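>>> Turn this into a structure:
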Amino acid sequence: MFTFERVIKSAALIAALSATSAFAVSNITITKHNLSSGGSGTIKSATGDSNNEICVYCHTPHAANTAFSGAPLWNKKSDTAAGAFTMYGRTAANQAGVTIAGTATAQQPNNPSMACLSCHDGASAINSMVNMPGSGGYNAGNQQYAAFGATGAGTAFKMPAGLTQIGTDLSNDHPVSIPYNEGNASLKAVSTTLSGWAGAGTIANLLRGGNVECSSCHDPHEGTNPTFLRTTNAGSALCLGCHGK
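Below is the predicted model of the structure:
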């Protein structure tokens with residue numbers, strides 16, 4: 001039977017469930033990854049109808065780059081810095097890194113991490129697209145550029161120097177494209193439950209093909225925490241989610 005009391009109880013239950021997770025709903029429109037001219041960040045497109053879409057700088061519903069498997073319906077060509085990355089534990093490019101525990105990385109970042117590095121490597125253009133917004137914007141085989149910041153259409157805009165420019169030297173960063181081997185570096189079991197992490201209920205949800213990638217720690221669509229971290233790192237909570245130190 002429909003009663004006012006049931007309505008009140010249902011509303012209270014919904015509120016309680018929502019309160020259990022700070023990441024109930026992702027909203028990229030209010031994050032720095034909203035690269036449209038209406039975005040809140042300082043790095044964004046110039047004003048113009050062709051630049052005012054949000055998702056288009058990474059994804060396209062048609063004519064996507066099917067050769068790239070790191071993210072769905074990818075709207076960029078392969079990373080222009082491919083082959084130039086120096087992995088964790090190495091001093092030269094295109095060599096597999098090795099951790100203190102003896103776990104080897106890939107020689108170059110896997111596609112899930114390349115998706116992030118396609119903007120953050122400082123070599124690839126942020127405003128590059130395979131398929132421009134709007135009808136008839138597709139130009140097979142050619143990378144196209146939207147007007148971005150102080151640059152005009154047709155001009156590449158790369159990540160400026162600063163925290164967000166990771167570069168191609170990954171030797172001083174947490175290893176990526178590396179197998180998650182339980183026990184090594186005190187890594188917990190992949191079945192370990194996570195609480196309050198964006199898009200992940202267990203450690204297994206953080207991995208891509210069994211590997212640690214950029215997206216293991218960062219959710220590009222969820223800007224609740226600084227630098228898109230999947231959970232707060234207060235008290236090193238993010239680190240301790242995987243490492244049982």
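
>>> From here on, just use CA atoms for contacts and neighbour counts.
OK.

>>> What is the burial count for the nearest residue to residue 207 once chain neighbours are set aside?
On the basis of C-alpha to C-alpha, 6 or more residues apart in numbering, the spatially nearest residue to residue 207 that is not a chain neighbour turns out to be residue 216, at 5.9 Å. When counting by other C-alpha atoms under 10 Å, one arrives at 21 neighbours for residue 216.

>>> Doesn't residue 216 belong to a helix?
Yes. Under the criterion used here (DSSP: H, G, I helix; E, B strand; the rest coil), residue 216 sits inside a helix.

>>> And the residue nearest to the spatial centre of the chain, how far from residue 100?
Taking C-alpha atoms, centre = their mean, the centroid of the chain lies closest to residue 220, which sits 3.8 Å from it. Here residue 220 is placed at a distance of 29 Å from residue 100 (C-alpha to C-alpha, to the nearest Å).

>>> Repeat that for residue 205.
Taking C-alpha to C-alpha as the criterion, residue 205 is separated from residue 100 by 25 Å.

>>> The two - which one has more neighbours?
Using other C-alpha under 10 Å, the more surrounded residue of residue 205 and residue 100 is residue 205, with 15 against 9.

>>> Find the residue closest to that one in space, skipping its chain neighbours.
Of all residues not flanking residue 205 in the chain, residue 199 sits nearest, at 7.6 Å (C-alpha to C-alpha, 6+ apart).

>>> Tell me the spacing between that neighbour and residue 236.
When C-alpha to C-alpha is applied, the distance between residue 199 and residue 236 equals 19 Å.

>>> Between these two, which is the more surrounded one?
Neighbours were tallied for residue 199 and for residue 236 using other C-alpha under 10 Å; the higher tally belongs to residue 199 (18 against 9).

>>> And for residue 165, the neighbour number?
Residue 165 sits with 16 neighbouring residues when counted by other C-alpha under 10 Å.

>>> can you give me the strands in this structure?
In order along the chain, the chain carries the following strands (DSSP state E): 128-129, 144-145, 178-179, 211-212.

>>> looking at the ones you listed, which is buried most?
Highest mean neighbour count of these: strand 128-129, a mean of 28 (counted as mean count of other C-alpha atoms under 10 Å).
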